[in-house]
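Chemist: Build me a model:
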Amino acid sequence: MYAGKLEQSEIEQIHAFLDGELPAEQAEPVAARIERDPTFSAEANAYRQLDAFLDTWQAPPLRRDLTQAILARTARKREVPAWVRVLAPVAAAAMIFVVVWGFHAVGGSETGTPGRTPIVTNNGSNADTGGKTPLQKELAGLSAEDQFVVENLDLFVNYEILSSFETLEAIERLESGTGGA
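Modeler: Below is the predicted model of the structure:
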């Protein structure tokens, strides 16, 4: 006799047998095992009870006006308070003012972009190093993409923009005013 917990495959065999889904050659051994094995018999009885309960269960009836109630609820719009409608544009204007004021408050530079000072400069004071600063010498060994990033590092607050050289080229074209490809 089988003693112990049933395997999932055995449980599925019992259920398939009771549902009449097994062919005759597979059904006979399962029926015999249900007769002689108390664990198999207990599983079969539990499944029969569950099946009988589910046969008697009925879903509760739906309200007749359910569709209309759902549509009415979704059609209602939340009213935005008046102070939000007035304050939102004022706050947006204030933020724009602060950003523009902050940008111009830093001052201009020789690049023509307010607040931006070039990182790589050569003012002629490095005649003993061939006219190049140590940074310029280091940049000479980098790819064009890396040189662009280092030279314009102060522009990138969000480093996700550095994921594509095409994006950087587009920014450079926009800044130089060419715009085209």
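
Chemist: okay, now Ala170: neighbour count?
Modeler: For Ala170, the tally of surrounding residues (other Cβ atoms under 10 Å) stands at 13. The way it works is simple: take the backbone N, C-alpha and C, and place the C-beta from them, glycine included.

Chemist: Just give the number of residues close to Asp146.
Modeler: The local packing of Asp146 (other Cβ under 10 Å) involves 12 other residues.

Chemist: what about Ile14, neighbour count?
Modeler: The criterion is other Cβ under 10 Å. On that basis, Ile14 has 20 neighbouring residues.

Chemist: Three-state assignment for it, please.
Modeler: Reducing the assignment to helix, strand or coil with DSSP: H, G, I helix; E, B strand; the rest coil, the entry for Ile14 is helix.

Chemist: roughly how far apart are it and Val30?
Modeler: Noted for Ile14: a distance of 7 Å to Val30, by Cβ to Cβ, to the nearest Å.

Chemist: list residues touching both of the two?
Modeler: Shared contacts of Ile14 and Val30, defined by Cβ atoms under 8 Å, 6 or more residues apart in numbering, are found at Phe40.

Chemist: At which residues are the strands of this structure located?
Modeler: Taking DSSP state E, the chain contains no strands at all.

Chemist: Using the record's domain definitions, break it down for me.
Modeler: Per automatic domain parsing, the domain ranges recorded for the chain read 8-56, 103-176.

Chemist: how about the helices of the chain, start to end?
Modeler: Taking DSSP state H as the test, the helices found in the chain are 8-18, 24-36, 38-56, 66-75, 82-105, 134-140, 144-151, 165-176.

Chemist: And the shortest one, how far out from the chain middle?
Modeler: If you compare the mean C-alpha spot of helix 134-140 with that of the full chain, they lie 40 Å apart, counting by Cα atoms, centre = their mean, to the nearest Å.
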